[in-house]
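Asks: below is the sequence, then the predicted model.
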Amino acid sequence: MTMSNADYDKIVAATRLYIDGFNDGDTNKFRQAFHEDATMFFTDEDGKLHVQRLGDEVFEGWAREDRGKRPPIELRIISVAQMGDAASVALAFGDGWLDFHNLARVGDEWKITNKTASHSSS
């Protein structure tokens, strides 16, 4: 199955909302990017695994995170894969984080349903 340009653009747009949420300190962008039942699995810099349901509390923390103390986060997509109504995006960040975002088509939109992240030091 070949990914259409329209699907690719919508998948990347959802991912862009995630990055813009950090850079703009805008919780609404996170709410637009993530499905309301989204979850996150991540290993921290010490290698400890955390599991978290995503929602307003997490989004508010992300929106406040180091704003003004760091340069804007640049979106660096490593790969995009899509089959039917499911997609996966791999992202890399200069501060050592690697994210894998799984997305699902919801109506005419793509929503991030799961984020799995690891820090390169773990």
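Replies: Yep, it's here.
Asks: OK, contacts around T43?
Replies: Contacts for T43 (C-beta atoms under 8 Å, 6 or more residues apart in numbering) come out as 49-50, 117-119, 122. Bear in mind the C-beta positions are built from the backbone N, C-alpha and C, glycine included.
Asks: select only the buried ones of the residues you listed in ChimeraX?
Replies: To isolate the buried members of the contacts of T43 in ChimeraX, using 16 or more other C-beta atoms under 10 Å:
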select :117,118,119
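Asks: sort out for me which of the contacts of T43 are in strands.
Replies: Using DSSP state E, the subset of those located in strands is 49-50, 117-119.
Asks: of the residues you listed, closest to F42?
Replies: Nearest to F42 among the ones in strands among the contacts of T43: A117, at 4.0 Å, using C-beta to C-beta.
Asks: quick check, pLDDT for the closest residue to the closest one other than its chain neighbours.
Replies: Once flanking residues are discounted, A117 sits nearest to F42: 4.0 Å by C-beta to C-beta, 6 or more residues apart in numbering. For F42, the model assigns a pLDDT of 91.
Asks: please apply the same query to E45.
Replies: E45 is given a pLDDT of 76.
Asks: tell me the secondary structure at it.
Replies: At E45, secondary structure determined by DSSP: H, G, I helix; E, B strand; the rest coil is coil.
Asks: any idea of the mean pLDDT in the helix ranked longest in the chain?
Replies: Secondary structure assigned by DSSP state H gives helix 5-24 as the longest helix of the chain. The pLDDT scores in helix 5-24 average 94.
Asks: can you check stretch 62-79 too?
Replies: For stretch 62-79, the per-residue pLDDT averages 82.
Asks: got a list of contacts for it?
Replies: Stretch 62-79 has contacts (C-beta under 8 Å, 6+ apart) with 12, 15-16, 19, 21-23, 25-27, 30, 88-94, 98.
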